[in-house]
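Q: just a sequence and a predicted model for now, questions to come.
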Number of protein chains: 2
Amino acid sequence: MERRTAQRQAIRDAIGQARRPLSAEEVLAVARRRCRGLGQATVYRALGSGVQEGWLKCVQMPTGPARYEIAELPHHHHFECTRCHRVFDVNGCPGRLDRMVPSGFTLQRHEILLFGLCAGCRNN
Amino acid sequence: MERRTAQRQAIRDAIGQARRPLSAEEVLAVARRRCRGLGQATVYRALGSGVQEGWLKCVQMPTGPARYEIAELPHHHHFECTRCHRVFDVNGCPGRLDRMVPSGFTLQRHEILLFGLCAGCRNN
DNA sequence: TCCATATTGATAACTGTTTCTCAATTATCG
DNA sequence: CGATAATTGAGAAACAGTTATCAATATGGA
């Protein structure tokens, strides 16, 4: 059966407390604060099984590593800072995207990606 | 100085005649029809210099290789078929995306990505 | 406590994509 | 026509991100 470990707890907490999608590297950095010596393989394994189990969702951006966020969040989109490369959630969605779909095509899902400077980078 | 070669001509034509963004592999396949023995290194080199020169634009999707399209096309977005992974242009843009940006952030650019089945895959 | 085995960390290996290397080829100029 | 240097093709290598390997460790039940 599945065992409770300090490593997985730290990883879950890191993701749960972040207000934005985190990369494996970011998860590792945060979770290591509570779990010394945590290995990156463990993070990748936990992320993979989190997605399998359905409580985690993988967010792919055009470049850079995958980010992970809690699966149950309401529909939203993402903003990537072009300087620090952190990804943030943005809420709202223009809708009506099915109007853009060429005739004969079937729309399954969509993503809106915003790029620019986050508040922190804009002021530094 | 820069020389005119059959290879570059075939590559330019392949991109110019496609009605959608092509990956390096797709460009190679098309351009090889007119230029036997064309190598992939040549395609990558031509795509790179096309972007440098400004007439080509690189389209990055969350997964898969970069696609390339003519730079001067009017503002539009992309649709990727989840079955054949070809990328198509879609026109129209909902606009008003700046409303979604968190306060303090600066929006530089945006991308709308649609995913689903293209007409060909839907009927097969 | 002890055991069976799930889990871990370090590291090697892998994947898909792209770039580099280099000898051979070829376009352009005089 | 040469000479010169840009360009090419094949293959090796780089690259970032991720997954696999495996011995050591630690969990949860008996």
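A: Okay, I see it. Numbers count the residues shown, from 1 in each chain, chains lettered A, B, ... in the order given.
Q: does A:Val27 sit in a helix, a strand or a coil?
A: What DSSP: H, G, I helix; E, B strand; the rest coil gives for A:Val27 is helix.
Q: what's near enough to touch it?
A: Counting by C-beta atoms under 8 Å, 6 or more residues apart in numbering or on different chains, A:Val27 makes contact with A:Ile11, A:Ala14, A:Ile15, A:Val43, A:Leu47, A:Tyr68. The way it works is simple: take the backbone N, C-alpha and C, and place the C-beta from them, glycine included.
Q: in strands, which of those residues appear?
A: Applying DSSP state E to these, the entries found in strands are A:Tyr68.
Q: which of the contacts of A:Val27 sits closest to B:Thr63?
A: A:Tyr68 (15.4 Å; C-beta to C-beta).
Q: can I get the contacts of A:Val27 in TSV including pLDDT, neighbour count and distance to DNA strand C?
A: Below are those laid out as TSV (pLDDT from 0 to 100; neighbours: other C-beta atoms under 10 Å in any protein chain shown; distance: C-beta to the nearest atom of the strand, whole Å):
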residue	pLDDT	neighbour count	distance to DNA strand C
A:Ile11	98	29	8
A:Ala14	98	24	13
A:Ile15	98	22	14
A:Val43	98	27	7
A:Leu47	98	21	11
A:Tyr68	98	26	16
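Q: what is the nearest of the contacts of A:Val27 to chain B?
A: Nearest to chain B among the contacts of A:Val27: A:Tyr68, at 13.9 Å, using C-beta to the nearest C-beta.
Q: separation between that closest one and A:Val43?
A: 10 Å (C-beta to C-beta, to the nearest Å).
Q: any common contacting residues for these two?
A: A:Ala24, A:Val27.
Q: which bits of chain A sit near DNA strand D?
A: A:1, A:3-6, A:23-24, A:40-41, A:44, A:48, A:64-66 (C-beta under 7 Å from any atom of the strand).
Q: try it again with 6 Å
A: A:Arg3, A:Arg4, A:Thr5, A:Ala6, A:Ala24, A:Ala41, A:Tyr44, A:Gly48, A:Gly64, A:Pro65, A:Ala66 (C-beta under 6 Å from any atom of the strand).
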